[in-house]
Structures are given as C-alpha cells and as structure tokens.
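# Here's a sequence, model it:
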Amino acid sequence: MEWSDSWRGAFRVELRAQAIGLAWRGWPVLPGTYPAGSHWAGRELPEHTGPHPVHDDWQARVGTEPEQVASWWSGRPYSVLLATGVTFDAIEVPGDLGRGAARELRTVGLPVPIIATPDDRWTFLVTTGRPLARTLADHPDVVLHADGDYVPLPPTPVRHGVVHWRVNPEVCGWQIPASSTVQDALLDALARETVARPVADLVTAD
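Here you go, the predicted structure:
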C-alpha cells in the first residue's frame, strides 16, 4: 500500500492525537518508523519489515510525559508503538485463534482490548508478569510480547493497511484483563479447534 506525502501529512494529526491521549492515560507509547514507498522512514533500518522504535535508547524513554510525547509527533507521521513489560504485556495470535478466544470471552461478558493487523494477526493486551501456559508457549504462532519488546497500536500504518482495534479499550472502560483470563480463553479456543478439526477431516473424507 502506497502512502502519499499529502496522506501522511493529514494522518500525522490522528497519530499524534492518539499518542498524546494514550500517554495521558499512562500508556508507555513510543514513536516508530513508518512506511514511505519501498522503505521505512524515520530510522536507517533497510532490512526491517515493520514498525520499529526510532530512538536507539527507546527503553530509557518509556514513561515520558505527555508533553514530550506530543513533541515527538510534531513533524513526522511516526507509528504509535506500545512498550510491553511495563504497564501491559501483549499476546499475539493468528486471527482464527483470536476470534475463537474473543467468542469465549464474550460468553462470560468480558470484552477485552484487541488489536488486529491487515495480515490477520490479533493481539490481546493483558497485565504484566505472567509467562505463557505451556500449550500456548509451544504453539508456533503464539507470541508473548513482554519486557524489552513493543507492539504497534492503532492507527499505525503498515505495508498493506492500518493497524486497528477489534475491541477498543473504551468498550472495556480502559480496563486491562489479567493475563490468566485471556490465556484461559485462548486455551479453550485451542481445545475447540482440536475437537472440531478431526470432525471436519471426517466430513471431508466422506
């Protein structure tokens, strides 16, 4: 997806507003590189294929005051990144598993903030400090973003579209769920997939 100079100029305002608003809520946001033609602008990372912090010392900048955060986005349409392992962790999963877990959470009346990318990856924001359950840790497509890592936040632009909310934090009253709650939902969704897959295989075989 190509981003024109005029589009980037207009979109910078929205990115800046989101970054400032999240910083006021205490979210550890950071500026990241952004797509510009065939490369990522904001930092020399020729082989990097996604948003990356623009500052080498980004970990030392975590917790910066909102006024300083506002200045970071004053000139460029930087991506909005969330440093993980500080206030929140993030559990990234394939879209099918994410949808299954979201259904599990809805059945108990517990919406949680969920981020989605154009390539159908879903990310659940959770409280910090809990490792993945063994079944999830062994899953090749499940990733825990914790201390020393980061994830893109909406409305960060990426190669083929824009990162967006599947469930906006406002819907959840800005409450972040316990990691165990989301992991339990993911495990339940995995169990349902495991049961459904042999049944589907039998139907196909017939």
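
# what about Asp141, neighbour count?
10 (other C-beta atoms under 10 Å). Where you see a C-beta, it was placed from the backbone N, CA and C, and this is true even at glycine.

# Excluding chain neighbours, give the residue nearest to it in space.
Pro94 (4.8 Å; C-beta to C-beta, 6 or more residues apart in numbering).

# Could you pull up the residues touching that neighbour?
Residues near Pro94 by C-beta atoms under 8 Å, 6 or more residues apart in numbering: 120-122, 141.

# Out of those, which end up buried?
By neighbour count, with 16 or more other C-beta atoms under 10 Å, those hold 121-122 as buried.

# would you turn the contacts of Pro94 into a markdown table with secondary structure?
Formatted as a markdown table, the contacts of Pro94 follow (DSSP: H, G, I helix; E, B strand; the rest coil):
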| residue | secondary structure |
| --- | --- |
| Asp120 | coil |
| Arg121 | strand |
| Trp122 | strand |
| Asp141 | coil |
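
# what kind of secondary structure is the nearest residue to Val151 once chain neighbours are set aside in?
Spatially, and ignoring its direct neighbours in sequence, Val151 is nearest to Ala90 (4.7 Å; C-beta to C-beta, 6+ apart). Following three-state DSSP, Ala90 is assigned to strand.

# separation between Ile115 and Gly109?
According to C-beta to C-beta, to the nearest Å, Ile115 stands 21 Å off from Gly109.

# When the two are compared, which one has more neighbours?
Ile115 (25 against 6).

# partners of that one in the sheet?
Taking DSSP bridges as the rule, Ile115 bridges to Thr123, Trp165.

# Which pLDDT value belongs to the nearest residue to Arg16 once chain neighbours are set aside?
Sequence neighbours aside, Trp73 is the residue nearest to Arg16 in space, at 3.6 Å (criterion: C-beta to C-beta, 6+ apart). If you check Trp73, the pLDDT there is 91.

# Show me what counts as buried in stretch 124-133.
Neighbour count says stretch 124-133 has 124-126, 130, 132-133 buried, by 16+ other C-beta under 10 Å.

# Could you pull out the strands in this protein for me?
Assigned by DSSP state E, the chain shows strands spanning 29-32, 34-36, 39-41, 79-84, 88-94, 114-116, 121-127, 143-145, 149-153, 157-158, 161-162, 164-167.

# Can you redo those strands as JSON lines, where the extra columns are mean pLDDT and distance to Ala19?
Output for the strands of the chain, formatted as JSON lines (pLDDT from 0 to 100; distance: least, C-beta to C-beta, whole Å):
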{"stretch": "strand 29-32", "mean pLDDT": "96", "distance to Ala19": "5"}
{"stretch": "strand 34-36", "mean pLDDT": "78", "distance to Ala19": "13"}
{"stretch": "strand 39-41", "mean pLDDT": "67", "distance to Ala19": "17"}
{"stretch": "strand 79-84", "mean pLDDT": "96", "distance to Ala19": "5"}
{"stretch": "strand 88-94", "mean pLDDT": "98", "distance to Ala19": "16"}
{"stretch": "strand 114-116", "mean pLDDT": "98", "distance to Ala19": "15"}
{"stretch": "strand 121-127", "mean pLDDT": "98", "distance to Ala19": "16"}
{"stretch": "strand 143-145", "mean pLDDT": "98", "distance to Ala19": "18"}
{"stretch": "strand 149-153", "mean pLDDT": "97", "distance to Ala19": "8"}
{"stretch": "strand 157-158", "mean pLDDT": "84", "distance to Ala19": "14"}
{"stretch": "strand 161-162", "mean pLDDT": "88", "distance to Ala19": "15"}
{"stretch": "strand 164-167", "mean pLDDT": "96", "distance to Ala19": "15"}
